[in-house]
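Colleague: I'd like to go over a predicted model; first the sequence, then the structure.
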Amino acid sequence: MKTATNKLVRSVQVVNALGIHTRPATMIVKMLQNCKSQVSFTLRKEKINPKSIMSILMLAAAKNSRITIEVEGEDAEVVMQNLVAGFESGFGE
C-alpha cells in the first residue's frame, strides 16, 4: 500500500543581518539531520539540498533574500514548520 506524500512549498525571507552564514547554516543542517522528507531551498534559480552546510553557504543568501523551501515526505509538515519558525526568528540571532 502506497501512502500519499505531502509536498509543501513556502517562501521565506532571510532576516539575519549577515544573511545565512555559518551559524544559521549549521542550525539548518542540524534541524534536518533526522528528517525523513526530501528538502530543497531555491534562491535565484539555484536549487540546493539544505542537508549540506556547503550547499547552504554557496547560496550566499543575503539579508532580505527570499528563499523558496520545498519539503516532500511523511514528516513534511513538521519540517516545514520548524524551518519557517527558524527563518522568522533569524535562527536565534
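Modeller: Looks like it came in fine.
Colleague: pLDDT below threshold where in the chain?
Modeller: By pLDDT under 70, the weakly predicted segments of the chain are 1-5.
Colleague: and the lengthiest helix in it, what's buried?
Modeller: Ordering each helix of the chain by length in residues (DSSP state H) puts helix 76-88 first. Of all the residues in helix 76-88, those buried under the rule 16 or more other CB atoms under 10 Å are Ala76, Val79, Met80, Asn82, Leu83, Gly86, Phe87. (Glycine included, C-beta is placed from N, CA and C.)
Colleague: can you map out the helices along this structure?
Modeller: Using DSSP H, helices in the chain cover 22-32, 53-59, 76-88.
Colleague: give me the nearest residue to Ser55, chain neighbours excluded.
Modeller: Ile48 (4.0 Å; CB to CB, 6 or more residues apart in numbering).
Colleague: quick one, what contacts that neighbour?
Modeller: Ser40, Phe41, Thr42, Ser55, Ile56, Met58, Leu59 (CB atoms under 8 Å, 6 or more residues apart in numbering).
Colleague: please list only the buried members of the residues you listed.
Modeller: Buried among the contacts of Ile48 (16+ other CB under 10 Å): Ser40, Phe41, Thr42, Ser55, Ile56, Leu59.
Colleague: between the residues you listed, which is closest to Gln13?
Modeller: When these are ranked by distance to Gln13 (CB to CB), Phe41 comes first, at 12.9 Å.
Colleague: so that closest one bridges to which residues?
Modeller: Ile48, Ile69 (DSSP bridges).
Colleague: I figured it hits Val71, correct?
Modeller: No - using CB atoms under 8 Å as the test, Phe41 is too far from Val71 to be in contact (10.2 Å).
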